[in-house]
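> what follows is a predicted protein model with its sequence.
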Amino acid sequence: MKKARVLMLGTDISTKGGIASVIRDYVDTGLMDRLNAEYLPTHRDGSKLDTAVFYLAQAPKAVLRFFRSDIVHVHTSHGWSFRRLSPLMLIAGLLGNKTLLHVHGSQFDNFYEKAGWIERKFIGFVLRRADGVIALSDDWERKLRVMAPTAAITVIRNGVDCSKYLVPGSRKLGDPVTVLFLGRLGERKGIYDILNAIKLLEPQRFRFVLAGDGD
């Protein structure tokens, strides 16, 4: 049986953020090779002009690759990420590709709530038109279903390549476990959940280091 050809679209893996981190793990663990997948970035960090020029250069390349692809897997976030990538996903569908919309948007619900009624209708339309929508959690599935109740939504949580974080022999038996949090210190990232969890633990067994900006 011939292996399906997969084209993934998203941000450049050298950028900061969750999508780039997920794609780097896909590459590092060999998942891209196993899936027979090609990755084409349509966004990279830079000024508004730089990002616009990059997108305008990459979008035609994406459309040309649709003709030799079977599945187009779009990694999108909120705001302009969605506005840039949703037209490409719709074009891929019109050209006969199966389409996956992988919603990474940490503020996708806020983006939807603040959108005008026309853009809300468009967001719902795009979610329904995708052959599959990937949500990162049960909570995100519920939020996306508010926008598009009939969309084909599946929960697939982000994987973690644990081999990157194993440091054999760095701890002795009985040493406290150090838990490091790096990121924005706010409710959306779960920092208050961590603080509440700390109260339930034995203080001599754990040491928490929380670093970042935010609340």
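Received it, and whenever you're ready, just let me know what you need.
> which positions within stretch 34-45 qualify as buried?
By 16 or more other C-beta atoms under 10 Å, the buried positions in stretch 34-45 come out as 35, 37, 39-44. Bear in mind the C-beta positions are built from the backbone N, C-alpha and C, glycine included.
> from Gly10, how far out is the residue nearest to the spatial centre of the chain?
Centroid-nearest residue in the chain: His104, 3.2 Å away (criterion: C-alpha atoms, centre = their mean). His104 is 8 Å from Gly10, where distance means C-beta to C-beta, to the nearest Å.
> residue ranges of the helices in the chain, please?
18-28, 31-34, 48-66, 80-94, 108-114, 117-129, 138-147, 191-198 (DSSP state H).
> can you lay out these as CSV showing mean pLDDT and distance to Asp161?
Output for the helices of the chain, formatted as CSV (pLDDT from 0 to 100; distance: least, C-beta to C-beta, whole Å):
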stretch, mean pLDDT, distance to Asp161
helix 18-28, 90, 5
helix 31-34, 91, 10
helix 48-66, 95, 27
helix 80-94, 96, 24
helix 108-114, 95, 25
helix 117-129, 97, 29
helix 138-147, 95, 22
helix 191-198, 91, 22
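> winner for burial among those helices?
helix 80-94 (a mean of 19; mean count of other C-beta atoms under 10 Å).
> who touches it?
Helix 80-94 has contacts (C-beta atoms under 8 Å, 6 or more residues apart in numbering) with 7, 9-11, 42-43, 55, 59, 62-63, 66, 69, 72, 74-76, 99, 101, 105, 108, 111, 122-123, 126, 129-131.
> before we move on, back to that, common neighbours of His104 and Gly10, please.
In terms of C-beta under 8 Å, 6+ apart, His104 and Gly10 are both contacted by the residues 19, 75-76.
> thinking again about what came up before, closest one to Val160 among the helices of the chain?
Closest to Val160 of those, according to C-beta to C-beta: helix 18-28, at 7.3 Å.
> helices or strands next to that closest one in the packing?
strand 6-11, strand 37-43, strand 71-76 (3 or more C-beta pairs under 8 Å, 6 or more residues apart in numbering; DSSP states H and E).
> repeat that with 6 Å
strand 6-11 (3 or more C-beta pairs under 6 Å, 6 or more residues apart in numbering; DSSP states H and E).
> so what are the sheet partners of the strand it packs on and their directions?
Next to strand 6-11 in the sheet, as set by DSSP bridges, lie strand 37-43 (parallel), strand 71-76 (parallel).
> could these be laid out in CSV, adding mean pLDDT?
Putting these into CSV (pLDDT from 0 to 100) gives the following:
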stretch, mean pLDDT
strand 37-43, 95
strand 71-76, 96
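> could the ones you listed go into TSV alongside distance to Phe82?
Output for the strands paired with strand 6-11, formatted as TSV (distance: least, C-beta to C-beta, whole Å):
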stretch	distance to Phe82
strand 37-43	11
strand 71-76	5
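> tell me which of those strands sits nearest to Ser163.
strand 37-43 (20.8 Å).
> quick one: distance of the closest one to the chain centre.
How far strand 37-43 lies from its chain's middle: 13 Å, per C-alpha atoms, centre = their mean, to the nearest Å.
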